[in-house]
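**Student:** Have a look; sequence and predicted model below, questions after that.
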Amino acid sequence: MSTADFFNMFLLISAIHGFALCFIMFFSKYGRDKSLLFLNLMILTISLNNFQSWALERNLFQHKFMLDYIQIPWHFLSAPFFYAFLINYLDIYNKSRRILKYFIIIFVVMCVAQISFVLSYSIGGGTKDELNYIYERYTSIEELISFIGSISVFAYSFYILRGKKKLFTKILTYDNLKWIYNFFKLTLLVYVLWVFALVIKFSLNFTGFIYSYYPLRISTTVIIFILGYQGLRYLRILKERKNIRENIDTESIDIIIENEDDVKLGNNENKYESQFLEIDKFIKSQKIYLQPKYTLQNLSGDLNIGSSTLSASINKNAKKSFVDYINEMRVKQAKKFLLDHKYEGYTIASIGLESGFNSKSAFYDVFKKHTGMTPLAFKNNNFKK
């Protein structure tokens with residue numbers, strides 16, 4: 001198998017994988033959510049572009065200047081669809097520019113212009129090599145326009161993510177958006193590879209350039225895999241966390257209000273006893289344990305008590321450090337969620353994050369430390385059917 005054959009097969013596999021992923025995403029539980037729909041469309045355009053490249057390389061379209069030479073610029077829509085996904089995921093659609101509709105209009109114009117160009121030159125005649133050269137020049141200019149438009153939307157999307165945080169502070173309480181930042185890093189590499197391919201294409205006068213696109217095609221396939229699966233996963237977690245939090249706000253939680261007799265105190269003569277009861281009541285009534293980044297210093301500021309005094313009070317009366325003390329409450333809350341039929345189909349990550357842990361791995365570690373088993377094992381062993 002030659003290098004060209006290998007990459008052609010790679011294109012086909014990546015396209016089929018992309019189509020399958022689009023199907024799975026569309027019929028998933030949250031498939032009709034606007035943000036996931038636009039993410040799906042982005043993956044679809046990349047997949048269509050890869051499939052089109054494979055089909056043309058295999059000479060499956062035989063009619064000169066009717067199918068063989070018509071290359072729909074699907075890549076022109078990928079960045080606008082990502083932008084539409086981003087503003088819908090961040091829930092700032094009404095405060096953002098309607099970039100997508102303008103790109104769709106330009107896309108239609110580009111397709112019509114390309115067909116008109118092809119038809120006009122096909123009537124004029126010429127050898128196959130001459131027509132190939134003319135068409136490659138035309139599509140290269142079209143691709144350059146697509147690149148400029150795409151990277152402009154990409155840069156603007158990043159500007160929104162970094163510079164407009166005040167517009168989506170609520171989302172940041174559910175998702176730190178680290179996975180989207182990682183996507184931007186990966187996509188930046190894709191644009192570098194795209195520049196490389198275009199430079200080679202122009203420098204070789206539009207002939208013998210195909211090898212320069214191989215790294216670009218691999219990178220777009222990686223994007224399909226990462227963004228598709230992560231987008232589906234994080235959107236699900238976002239929806240589940242919102243539902244859990246709404247229920248927390250409207251329901252009483254068992255561990256919030258406890259009898260003071262249930263609090264394990266040390267010596268009744270302990271000077272920190274009454275202070276500890278105040279601390280314990282504040283943390284539970286205000287649901288402080290649900291805040292993943294809440295520290296002893298934060299508690300000190302809220303209660304206007306020195307952090308060393310707080311630490312001593314908790315150590316003497318609860319017989320544990322502040323971290324273990326607050327993590328114990330988080331574990332109790334997680335147990336309640338895990339055994340609640342309302343959250344039976346929810347991910348472990350959603351439950352852990354809404355119980356106050358800052359990551360899935362931290363949730364697993366702390367939960368196992370306090371219970372001797374993983375959250376999933378606890379759920380399977382204790383869930384009441």
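**Tutor:** Nice, I can see it. None of these values were measured; they are calculated from a predicted model.
**Student:** Leu144 contacts Leu198, doesn't it?
**Tutor:** Yes - if you go by CB atoms under 8 Å, Leu144 and Leu198 touch, sitting 6.4 Å apart. C-beta coordinates here come from the backbone N, C-alpha and C atoms, glycine included.
**Student:** which of the residues in stretch 80-95 are buried?
**Tutor:** By neighbour count with 16 or more other CB atoms under 10 Å, stretch 80-95 contains the buried residues 80-90.
**Student:** Could you do stretch 313-327 as well?
**Tutor:** So stretch 313-327, judged by 16+ other CB under 10 Å, has buried residues 313-318, 322, 325-327.
**Student:** Which members of the residues you listed are the farthest-apart pair?
**Tutor:** Across the buried residues of stretch 313-327, no pair lies farther apart than Lys316 and Asn327, at 18.5 Å, counting by CB to CB.
**Student:** Neighbours of Gly372, how many?
**Tutor:** Neighbour count for Gly372, taken as other CB atoms under 10 Å: 9.
**Student:** neighbour-wise, which of Leu144 and Leu198 wins?
**Tutor:** For Leu144 versus Leu198, neighbours defined as other CB under 10 Å are more numerous around Leu198 (18 against 13).
**Student:** Quick check: the gap between that one and Ser212.
**Tutor:** 8 Å (CB to CB, to the nearest Å).
**Student:** How about Met9?
**Tutor:** 19 Å.
**Student:** Settle it for me: which of these two has more neighbours?
**Tutor:** Using other CB under 10 Å as the criterion, Met9 and Ser212 rank with Ser212 on top: 18 against 12.
**Student:** Let me see the contact set for the more buried one.
**Tutor:** Contacts for Ser212 were tallied using CB atoms under 8 Å, 6 or more residues apart in numbering; they are 196-197, 200-201.
**Student:** 6 Å - rerun?
**Tutor:** If you count contacts by CB atoms under 6 Å, 6 or more residues apart in numbering, Ser212 has them with 197, 200.
**Student:** Would you mind giving me the confidence score for it?
**Tutor:** Looking at Ser212, its pLDDT is 88.
**Student:** Equivalent analysis for the one 5 residues further on, please.
**Tutor:** At Arg217, the predicted lDDT confidence score is 85.
**Student:** cool, the one 3 residues further on as well?
**Tutor:** On the pLDDT scale, Thr220 is placed at 85.
**Student:** number of nearby residues for Thr347?
**Tutor:** Residues within reach of Thr347, counting by other CB under 10 Å, total 15.
**Student:** what residue ranges in the stretch 1-150 of the chain score low on pLDDT?
**Tutor:** Along the stretch 1-150 of the chain, the model assigns pLDDT under 70 to residues 1, 60-69, 122, 124-126.
**Student:** Kindly recompute the last result at 90.
**Tutor:** For the stretch 1-150 of the chain, the stretches flagged by pLDDT under 90 are 1-14, 17, 25, 28-32, 49-72, 93-98, 111, 113-139.
**Student:** got it, and the stretch 201-350 of the chain?
**Tutor:** For the stretch 201-350 of the chain (pLDDT under 90), the answer is 204-229, 231-232, 245-280, 284-286, 293, 303-310, 312-320, 341-342, 344-345.
**Student:** Please report how far the residue nearest to Ile92 when sequence neighbours are not counted lies from Thr295.
**Tutor:** Closest residue to Ile92 apart from its sequence neighbours, by CB to CB, 6 or more residues apart in numbering: Leu167 at 4.7 Å. Remark: distance between Leu167 and Thr295 (CB to CB) = 27 Å.
**Student:** now do Pro215
**Tutor:** In terms of CB to CB, Pro215 sits 45 Å off from Thr295.
**Student:** More neighbours: which of these two?
**Tutor:** Pro215 (17 against 13).
**Student:** List the contacts of the more buried one.
**Tutor:** Leu193.
**Student:** Work out for me the element it sits within.
**Tutor:** helix 214-250 (DSSP states H and E).
**Student:** got it, and Phe206?
**Tutor:** With DSSP H and E as criterion, Phe206 is part of no helix or strand.
**Student:** Pull the contacting residues for Arg137.
**Tutor:** Phe206.
**Student:** Can you name every helix or strand that the helix or strand containing Ser47 contacts?
**Tutor:** Using DSSP H and E, Ser47 falls within helix 34-57. The contact analysis (3 or more CB pairs under 6 Å, 6 or more residues apart in numbering; DSSP states H and E) places helix 34-57 against helix 3-26, helix 75-89, helix 214-250.
**Student:** tell me the most buried of the ones you listed?
**Tutor:** helix 75-89 (a mean of 24; mean count of other CB atoms under 10 Å).
**Student:** now that one, how far from the chain's geometric center?
**Tutor:** 13 Å (CA atoms, centre = their mean, to the nearest Å).
**Student:** Assign a three-state SS to Asn358, would you?
**Tutor:** What DSSP: H, G, I helix; E, B strand; the rest coil gives for Asn358 is coil.
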